[in-house]
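Trainee: here are the coordinates; sequence isn't available:
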């Protein structure tokens with residue numbers, strides 16, 4: 001900025017990434033997916049992943 005320029009810039013905070021849900025997306029309640037055990041093994045492209053619910057109620061997917 002030159003001494004003659006009276007404009008200032010304000011830093012802009014980066015926007016948080018949000019997942020957009022589309023009306024046509026399938027919805028499955030986590031309880032249906034995880035069952036009473038709170039965990040399920042998912043097979044994807046020959047690999048096995050464990051999706052589980054934590055004590056805090058969050059979901060963790062591990063390979």
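Mentor: All right, it came through fine. As the structure is a prediction and not an experimental result, all values here were calculated from the model.
Trainee: before we move on, which element is residue 37 in?
Mentor: In this assignment (DSSP states H and E), residue 37 forms part of neither any helix nor any strand.
Trainee: How about residue 33?
Mentor: helix 30-34.
Trainee: buried set for that helix?
Mentor: For helix 30-34, the buried set under the neighbour-count rule, 16 or more other C-beta atoms under 10 Å, comprises residue 34. (Glycine included, C-beta is placed from N, CA and C.)
Trainee: and if you look at stretch 52-63?
Mentor: Buried residues in stretch 52-63 (16+ other C-beta under 10 Å): residue 53.
Trainee: What helix or strand is residue 50 located in?
Mentor: Counting by DSSP H and E, residue 50 is found in strand 47-53.
Trainee: Averaged pLDDT, the next helix or strand after that strand. What do you get?
Mentor: Sequence order places strand 59-62 as the next helix or strand after strand 47-53, per DSSP H and E. For strand 59-62, mean pLDDT rounds to 98.
Trainee: For residue 59, give the beta-bridge partners.
Mentor: When bridges are called by DSSP bridges, residue 59 pairs up with residue 53.
Trainee: Verify the contact between it and residue 49 for me.
Mentor: No - if you go by C-beta atoms under 8 Å, residue 59 and residue 49 don't touch, sitting 11.7 Å apart.
Trainee: which helices and strands does the strand holding residue 50 pack with?
Mentor: helix 30-34, strand 39-44, strand 59-62 (3 or more C-beta pairs under 8 Å, 6 or more residues apart in numbering; DSSP states H and E).
Trainee: Tabulate the ones you listed in TSV, adding columns for distance to residue 18.
Mentor: Below are these laid out as TSV (distance: least, C-beta to C-beta, whole Å):
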stretch	distance to residue 18
helix 30-34	19
strand 39-44	24
strand 59-62	17
